[in-house]
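**Student:** coords below, sequence missing:
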């Protein structure tokens with residue numbers, strides 16, 4: 001199947017699941033806490049069970065540098081900006097955190113599009129298999145974005161703009177990869193590592209504290225643990241691209 005078509009289907013799936021944030025903006029504290037814990041589990045699973053290992057496979061130690069660099073860069077930026085990851089029940093995810101998360105997802109989606117483009121240059125079979133994996137893989141990513149947008153109390157315009165632009169990053173990267181020379185494995189591994197570090201920071205430093213601050217309970221912890229385990233297992237089996 002054509003790589004651009006597969007990338008477009010992945011973008012539609014991502015955007016569709018992300019737009020569910022429009023239905024959840026009026027959730028109470030309990031609903032927001034469960035969504036934040038759910039998203040944290042997905043993001044940490046993606047960071048440690050997918051992006052980091054993929055970066056290591058592509059670039060070895062450069063991926064480690066990228067992962068640590070992405071994590072530390074966001075921590076340092078937020079410290080200098082005096083942004084805070086902990087919130088009272090009346091507060092919501094800081095806008096700076098939302099921007100960091102969107103940046104991490106942009107790198108992630110561009111990387112998925114790149115992989116589709118590379119697969120298209122290899123063979124139709126490889127492209128098809130990789131494409132199907134990425135289409136399935138984008139569903140939990142879109143859900144995590146929806147949860148973050150709900151926690152951030154994003155406006156309708158912000159939700160639509162973020163989801164559409166991030167979705168378009170997939171076919172855009174696929175098309176550019178097919179049209180242009182393929183970047184080196186070292187460069188791609190470094191960027192994949194950076195994306196993993198950004199998502200790990202967002203999950204650990206923002207979403208988990210958000211969930212515990214908004215509605216601390218055993219159920220919130222159980223939602224996070226179950227999501228983290230289930231997503232990791234899925235990434236290691238049928239969602240693995």
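**Tutor:** Thanks, I have it. Note that the structure is a prediction, hence the values are computed from the model and not measured.
**Student:** the closest residue in space to residue 217 that isn't next to it in sequence: what secondary structure?
**Tutor:** Distances taken as C-beta to C-beta, 6 or more residues apart in numbering put residue 33 closest to residue 217, at 7.6 Å, once the chain neighbours are dropped. From N, CA and C alone the C-beta is placed, and that goes for glycine too. Assigned with DSSP: H, G, I helix; E, B strand; the rest coil, residue 33 falls in the helix class.
**Student:** who's in contact with residue 33?
**Tutor:** Counting by C-beta atoms under 8 Å, 6 or more residues apart in numbering, residue 33 makes contact with 210-212, 214-217, 220.
**Student:** gap between it and residue 215?
**Tutor:** Separation of residue 33 from residue 215 (C-beta to C-beta, to the nearest Å): 3 Å.
**Student:** could you do residue 37 as well?
**Tutor:** 9 Å.
**Student:** then residue 200?
**Tutor:** According to C-beta to C-beta, residue 200 and residue 215 sit 23 Å apart.
**Student:** and these two? Which one has more around it.
**Tutor:** Higher neighbour count among residue 200 and residue 215: residue 200, with 23 against 19, using other C-beta atoms under 10 Å.
**Student:** pLDDT score assigned to the more buried one?
**Tutor:** With respect to pLDDT, residue 200 has a value of 86.
**Student:** checking the closest residue to it other than its chain neighbours next. Helix, strand or coil?
**Tutor:** Excluding the flanking residues, the one nearest residue 200 by C-beta to C-beta, 6+ apart is residue 47, at 3.8 Å. Assigned with three-state DSSP, residue 47 falls in the helix class.
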